[in-house]
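Asker: heads up, no residue letters with this:
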């Protein structure tokens with residue numbers, strides 16, 4: 001089962017980084033207020049980045065790495081080839 005590291009943009013323009021095995025479902029949960037407290041207070045949220053990993057461990061390591069980045073570095077990911085959202089029709 002594939003896992004994903006994802007970034008949400010919140011209504012206040014802040015970012016939330018997390019992991020999931022189902023990005024669409026997780027986005028729905030966040031927007032329904034069933035996600036993290038951070039996102040429940042900043043709805044609606046929009047999925048701006050997703051990156052696939054072979055397992056939960058790799059996704060979690062990447063999440064921790066990205067959480068340590070500055071805002072501009074996170075934003076650069078949105079346009080990168082790593083962003084699977086750029087490859088969806």
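Answerer: All right, it came through fine. Keep in mind the model is a prediction, meaning the values are calculated, not measured.
Asker: Residue 8: how many residues sit nearby?
Answerer: Neighbourhood size, residue 8 [other C-beta atoms under 10 Å]: 26. Every residue, glycine included, has its C-beta placed from N, CA and C.
Asker: Do I have it right that it meets residue 48?
Answerer: Yes: counting by C-beta atoms under 8 Å, residue 48 is a contact partner of residue 8 at 6.8 Å.
Asker: shared neighbours of those two, which are they?
Answerer: residue 15 (C-beta atoms under 8 Å, 6 or more residues apart in numbering).
Asker: Does anything pack onto the longest helix along the chain? Which helices or strands?
Answerer: Ranked by residue count and defined by DSSP state H, the top helix of the chain is helix 56-67. Counting contacts by 3 or more C-beta pairs under 8 Å, 6 or more residues apart in numbering; DSSP states H and E, helix 56-67 packs against strand 3-9, strand 15-20, strand 46-53.
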